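Mind folding the following:
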Amino acid sequence: MKTALIVFVLVVLALVLPFFIPARMPPEGVDINLPWQIEVDAAGNSEVFGLTPGKSTLADARARFGNDVEVAIIAAPDEEGALEAYYAQARLGFVLGRLIFTLERTDIAAMRERAIKREYMESSTRKITLHPDDRIEAEHAVIRAITLIPNAGLDEKVIVERFGTATEVLPESETLTHYLYPEKGLDVVLDRKGKEILHYVAPAKFTEQIRTPLAKAVAAKQ
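Numbers count the residues shown, from 1 in each chain. Below you'll find the predicted structure:
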């Protein structure tokens with residue numbers, strides 16, 4: 001019984017501690033890809049996890065995180081869907097989490113027609129498996145956005161400590177609050193009933209890809 005308790009405590013600490021360890025710059029030449037290490041240039045591009053949203057491709061992501069990636073079209077009811085690449089567990093320095101890449105494609109409808117499999121995920125969302133030829137072509141698709149769902153739970157204090165004071169804090173509902181960092185191309189979603197989510201886009205595209213759609217979603221709920 002005591003052994004089981006010790007193991008449980010160690011597992012909890014392994015999930016929670018990474019976001020509380022004091023933030024320090026890594027030694028020169030060491031790349032540890034932490035979620036709060038975001039480099040921004042004068043042109044409005046950002047680099048996180050060694051990738052640049054709007055420029056890097058799925059092939060670039062696979063070169064960094066390995067071949068254990070699933071690629072599919074994810075579609076809600078009455079929507080065409082988006083092409084996504086998904087790592088069930090990625091190591092980002094000493095942080096673990098699910099990593100999702102939203103990919104730019106203009107031929108989603110044609111890819112759906114050639115798809116070899118359709119299945120339901122949560123609720124009525126569908127996962128559409130690509131034809132092998134389309135799967136090969138997806139390697140060249142540019143990463144539009146990066147989403148991280150860390151294993152460790154976050155709260156407002158940790159968010160501010162790691163990412164700084166948000167430019168805007170926007171409640172979406174009673175349980176969801178968005179901490180917006182347009183200069184970093186980052187939206188941190190605090191979920192009081194579920195997992196926190198970190199969305200990364202090119203800072204130059206922040207208004208178009210995050211702020212405007214979010215404002216519409218909030219207005220629709222009100």
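
so where's this protein uncertain?
1-32 (pLDDT under 70).

May I see the buried residues of the lengthiest strand in the chain?
Secondary structure of the chain per DSSP state E: the longest strand is strand 82-92. For strand 82-92, burial by neighbour count (16 or more other CB atoms under 10 Å) applies to 82, 83, 84, 85, 86, 87, 90, 92. (Each C-beta comes from the backbone N, C-alpha and C, glycine too.)

Redo the residues you listed as TSV? Include distance to residue 179.
Compiled in TSV, the buried residues of strand 82-92 are given as follows (distance: CB to CB, whole Å):
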residue	distance to residue 179
82	23
83	27
84	23
85	25
86	24
87	24
90	22
92	19
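
Could you name the helices and strands sitting against the very next helix or strand once past the longest strand of the chain?
Toward the C-terminus, strand 82-92 is succeeded by strand 95-103 as the next helix or strand (DSSP states H and E). Under the contact definition 3 or more CB pairs under 8 Å, 6 or more residues apart in numbering; DSSP states H and E, strand 95-103 sits against helix 58-65, strand 82-92, strand 143-150.

Quickly note the distance from residue 145 to residue 157.
To residue 157, residue 145 is 26 Å away according to CB to CB, to the nearest Å.

Apologies, that question was intended for residue 90.
Taking CB to CB, one finds residue 90 at 25 Å from residue 157.

Hmm, residue 142 and residue 56 touching each other?
Yes. At 7.2 Å, residue 56 counts as touching residue 142 under the criterion of CB atoms under 8 Å.

SS state for residue 162?
Secondary structure, DSSP: H, G, I helix; E, B strand; the rest coil: residue 162 is helix.

now it, nearest residue through space, not along the chain?
residue 36 (4.5 Å; CB to CB, 6 or more residues apart in numbering).

ok, what's across the strand from the residue minimising distance to the centre of the chain?
Per CA atoms, centre = their mean, the C-alpha nearest to the average position across the chain is that of residue 147, at 0.7 Å. Counting by DSSP bridges, residue 147 is bridged to residue 100, residue 199.

strands paired with the longest strand of the chain, and their directions?
strand 70-75 (antiparallel), strand 95-103 (antiparallel).

if we can go back for a sec, for residue 145 and residue 157, indicate the residue with more neighbours.
Neighbours were counted for residue 145 and for residue 157 using other CB atoms under 10 Å; residue 145 has more, 22 against 9.

Residue 178 reaches residue 167, doesn't it?
No. Using CB under 8 Å, residue 178 is not in contact with residue 167; the gap is 10.9 Å.

which of the two has more neighbours?
Between residue 178 and residue 167, residue 178 has the larger neighbour count (other CB under 10 Å), namely 21 against 14.

What separation do you get for that one and residue 61?
Residue 178 is 25 Å from residue 61, by CB to CB.

Ok, residue 174 next?
Taking CB to CB, one finds residue 174 at 35 Å from residue 61.

ok, and residue 157, which helix or strand is that part of?
helix 156-163.

And that helix, what's buried?
For helix 156-163, by 16+ other CB under 10 Å, it's 158, 159, 162, 163.

Quick one: list the elements packing against that helix.
strand 176-181, strand 186-191.

Can you say which of the ones you listed is nearest to residue 198?
Closest to residue 198 of these is strand 186-191 (CB to CB; 5.4 Å).
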